[in-house]
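Engineer: Let me see the structure of the following:
(chains A and B)
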Amino acid sequence: MSRKRVMQIALTAVVAAISVTAVLPFLWIVTSSLKSRAELYSGQVTFLPSMGWSLENYRKMFSKMTGFFYYYRNSIIVSACAMYLTLLVGSLAAYAFARFRFRGRDAIFMIFIGTLMIPGEINLMGQYELMYHYGLLDSLSGLTLSYATFNLVMTIFIMRNVFEDIPQDLIDAAKVDGASSWDVFWEVMVPLGANGLVAAATFAFLFCWNEFIFALTMTYSPKAQTLPIGIVLLKGQWQILDYGALFASVMLSFLPIIIFFILLQKYFVKGLVAGAIKG
Amino acid sequence: MGEAGQTRKQRGWWAPYLYLAPALLLFGTFIAYPVLRAFQLSFTSFEFLRPERSEFVGLANYAEILRDPRAVSSFLNTLYFTLLYLPLAVVLPLLVAMLIDRVRRGKMVFRTVNFIPVVVSVAVVSVIWMWLYNPNYGLLNSFLRRVADLTGSEWIAGLTSWNWLGQSSTAMPALAAMCVWHQIGFNMLLYLVGLARIPKELYEAARIDGAGPVSEFWHITLPLLRPMIFLVFLLGLIGSLKVFGQMYIMTSGGPADATQSYVLYLYKIAFRYGHARFGYASALGYALALVIFVVSLISFRFRRSGSGEAP
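Structural biologist: Numbers count the residues shown, from 1 in each chain, chains lettered A, B, ... in the order given. Model prediction:
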């Protein structure tokens, strides 16, 4: 019996060590962002600040790195708008797929799902041209439309399954009360599919918040550049001049999303697992 | 014909099409059109910065890929990356998942903490790891310095100012190591989902039959986890064939093209070099799609032929 306990303690220790490796790079950024400038430039690399904790880097970031807040703002706007758009458009389509019988339904669905097999990079050239011609390059609306579309198929896929599982009785009951199919969508489907919607939403939001190659291609000024692009640009500009302030900005770019994840992890996990298994 | 019964009378047969219309509009504009446009462009010499010179060239772009040494070497680099990355990205998360699965207390906490890197973007992770790898003020070399002091190993001492990303011998392994670290949490989660689906009675029955943990692993865990291992393998394979951001950010494909991935080369052809050769870049894109399609097909074949033992 005690051998079992020893084994369990050893196992927990190993797993704890592995878990520390998973977050060590982030922790190092957090501790480094709290080091004083003198220490950062002293050439001694430590994990914890050895010359005292300091908020100097954060002060400097707020006063000097104005670009950072543009990138932050753009990421929030694009991710939130694309998320809502994809949820609205996607769940309406999922409603059609799940609850109606119409000509071409299965064919259209297969085409949607089929495009998941095509690498997104193929879209780069065509989308660039399109956005160029319609004045959507380097704009938040262009990026929002593009991101909403990338998440659309995923959202339709998740929400179709969710809507199919809603009992027909509830729909019939609503219709007895005189509800139209539009009312049924808002009064039955959306409330009962809320868990699925949140899972799809977190999936979409995370995609938009982290996306790199399209943001890199379709935007070229702080007017529309998002955080992933911004952090790379700031690193290029500031790594020699003042990398303490950079540590602070990198830290602010990953902290909210990690907290967000920990709070909503149930949905994150559901959305991401569904996303992986569909492919 | 609506299953939605009487609503048919109010909304008519076109109701589902109406619900579908916004999705079709977005999909048609931002996915279907670019995909078809790229297919058309791949047979032309179209350059974005001088579109007037575009002409139909048949399969010339596709033939050029095979004759273009930089395209071929970028593909080989991608394969090299895959070879370094994929085995570890499949096996390590399985180990982590099996360990976490056996922990009695704090399972959820460990699962959560190990998943954290997954939610952070490739861009931020790459920037952080550039610091870790930095020859002078990076955590890795400072750690090695400490180890060298403690052990007195000359070999380790020789590495303490090594430029991991700047030397062509270590640049790709360093990138692959970072990608493995970044991916472990996600694959671990898929494995945990798979492990949770294995009926516990099987293990109890095996234990009654006197099976040890090793034989349990080979005869129960591994066969029943096969579909999930396959999924992790295939997603990892496709992901590594499309690897881009890490190279773009950390090495720009250098030193001397040693880490130039295929998609990075495609990107440079389309948006960095010369007159933006969209035609050739489209052909590169479709060639990649073909490769991905073929490896997926082969993988599925493999799975089916070997699935005799898996229920």
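
Engineer: now A:K223: how far from chain B?
Structural biologist: A:K223 sits 19 Å away from chain B, taking Cβ to the nearest Cβ, to the nearest Å as the criterion. For the C-beta atoms, the positions are set from N, CA and C on the backbone; glycine is no exception.

Engineer: Which neighbouring residues are in contact with B:F244, exactly?
Structural biologist: Contacts of B:F244 were listed using Cβ atoms under 8 Å, 6 or more residues apart in numbering or on different chains, and they are A:E121, A:F212, A:I213, B:S261, B:V263, B:L264, B:Y267.

Engineer: got a winner among those for most neighbours?
Structural biologist: B:S261 (28 neighbours; other Cβ atoms under 10 Å in any protein chain shown).

Engineer: who touches that residue in this structure?
Structural biologist: Taking Cβ under 8 Å, 6+ apart, we find B:S261 in contact with B:S74, B:N77, B:T78, B:F81, B:V243, B:F244, B:M247, B:G253.

Engineer: now for the longest helix belonging to chain A, which elements pack on it?
Structural biologist: Using DSSP state H, we find that the single longest helix of chain A is helix A:66-99. Helices and strands touching helix A:66-99, by 3 or more Cβ pairs under 8 Å, 6 or more residues apart in numbering or on different chains; DSSP states H and E, are helix A:105-114, helix A:140-164, helix A:194-210, helix A:227-238, helix A:243-263, helix B:15-27.

Engineer: For A:G67, which of the ones you listed is the nearest?
Structural biologist: Smallest distance to A:G67 across those (Cβ to Cβ): 6.3 Å, for helix A:227-238.

Engineer: what comes up buried for the closest one?
Structural biologist: Buried residues in helix A:227-238, counted by 16 or more other Cβ atoms under 10 Å in any protein chain shown: A:L227, A:P228, A:I229, A:G230, A:I231, A:V232, A:L234, A:K235, A:W238.

Engineer: Now the second one: closest residue in space, sequence neighbours ignored.
Structural biologist: If I follow you right, that is A:P228. Spatial nearest neighbour of A:P228, chain neighbours left out: B:A123 (3.4 Å); criterion: Cβ to Cβ, 6 or more residues apart in numbering or on different chains.

Engineer: next structured bit after the helix or strand containing the one you found?
Structural biologist: In this assignment (DSSP states H and E), B:A123 forms part of helix B:122-133. Per DSSP H and E, the first helix or strand lying C-terminal to helix B:122-133 is helix B:139-151.

Engineer: which parts of that following helix are buried?
Structural biologist: So helix B:139-151, judged by 16+ other Cβ under 10 Å, has buried residues B:L139, B:L140, B:N141, B:S142, B:L144, B:R145, B:A148.

Engineer: From those, pick the one nearest chain A.
Structural biologist: Nearest to chain A, judged by Cβ to the nearest Cβ, of the buried residues of helix B:139-151 is B:S142 at 3.6 Å.

Engineer: Can you name the two of the contacts of B:F244 that sit furthest apart?
Structural biologist: The span of the contacts of B:F244, defined through Cβ to Cβ, is set by A:F212 and B:S261 at 13.3 Å.

Engineer: Distance to A:A194 and pLDDT for the buried residues of helix B:139-151 - can I get that in TSV?
Structural biologist: Compiled in TSV, these are given as follows (distance: Cβ to Cβ, whole Å; pLDDT from 0 to 100):
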residue	distance to A:A194	pLDDT
B:L139	43	87
B:L140	45	90
B:N141	50	89
B:S142	49	86
B:L144	51	89
B:R145	54	87
B:A148	56	86
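
Engineer: and the residues you listed as CSV, adding distance to chain A?
Structural biologist: Output for those, formatted as CSV (distance: Cβ to the nearest Cβ, whole Å):
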residue, distance to chain A
B:L139, 6
B:L140, 10
B:N141, 8
B:S142, 4
B:L144, 11
B:R145, 8
B:A148, 14
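
Engineer: now these in CSV, with distance to B:V214?
Structural biologist: Shown next, in CSV, are the buried residues of helix B:139-151 (distance: Cβ to Cβ, whole Å):
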residue, distance to B:V214
B:L139, 37
B:L140, 35
B:N141, 39
B:S142, 39
B:L144, 35
B:R145, 40
B:A148, 37
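
Engineer: of the contacts of B:F244, the lowest pLDDT goes to which?
Structural biologist: Lowest in pLDDT among those is A:E121, which has 90.

Engineer: show me the contacts for that residue.
Structural biologist: Neighbour list for A:E121: A:I213, B:K242, B:F244, B:V263, B:L266, B:Y267, B:G285, B:L288 [criterion: Cβ under 8 Å, 6+ apart].

Engineer: Can you read off the backbone torsions of it?
Structural biologist: With angles defined as degrees, to the nearest 10, A:E121 sits at phi -60, psi -30.

Engineer: so how far is B:A270 from it?
Structural biologist: 9 Å (Cβ to Cβ, to the nearest Å).

Engineer: sorry, back to before: now distance to B:D209 too, for the contacts of A:E121, in CSV please.
Structural biologist: Output for the contacts of A:E121, formatted as CSV (distance: Cβ to Cβ, whole Å):
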residue, distance to B:D209
A:I213, 53
B:K242, 45
B:F244, 50
B:V263, 50
B:L266, 55
B:Y267, 56
B:G285, 54
B:L288, 49
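
Engineer: Show me which pair in those residues is furthest apart.
Structural biologist: For these, the farthest-apart pair by Cβ to Cβ is A:I213 and B:L288; their separation is 13.2 Å.

Engineer: so what sits against both of these two?
Structural biologist: Common neighbours of A:I213 and B:L288, using Cβ under 8 Å, 6+ apart, are A:E121, B:V263.

Engineer: Residue in the stretch 101-250 of chain A with the shortest distance to chain B?
Structural biologist: Closest to chain B within the stretch 101-250 of chain A is A:G126: 2.7 Å, counting by Cβ to the nearest Cβ.

Engineer: Which two of the buried residues of helix A:227-238 have the greatest separation?
Structural biologist: Distance extremes for the buried residues of helix A:227-238: the farthest pair is A:P228 and A:W238 at 16.3 Å, using Cβ to Cβ.

Engineer: In space, not sequence, find me the middle residue of chain A.
Structural biologist: Among the residues of chain A, the one closest to the centroid is A:L206, at 0.9 Å (Cα atoms, centre = their mean).

Engineer: So the closest residue to that residue other than its chain neighbours versus B:R207, what's the distance?
Structural biologist: Setting aside the residues directly before and after it, A:L206 is nearest to B:V119 in space (Cβ to Cβ, 6+ apart), at 6.1 Å. Relative to B:R207, B:V119 is positioned 38 Å away (Cβ to Cβ).

Engineer: Do I have it right that the residue of the stretch 101-250 of chain A closest to chain B meets B:F39?
Structural biologist: No: taking Cβ atoms under 8 Å as the definition, A:G126 is not a contact partner of B:F39, at 9.3 Å.

Engineer: okay, now the domains of the chain?
Structural biologist: Defaulting to chain A. Domain segmentation of chain A under automatic domain parsing yields A:2-54, A:61-278.

Engineer: switch to chain B, that's the one I care about
Structural biologist: If you go by automatic domain parsing, chain B breaks into B:35-67+B:274-311, B:83-270.

Engineer: Alright, that wraps it up for me.
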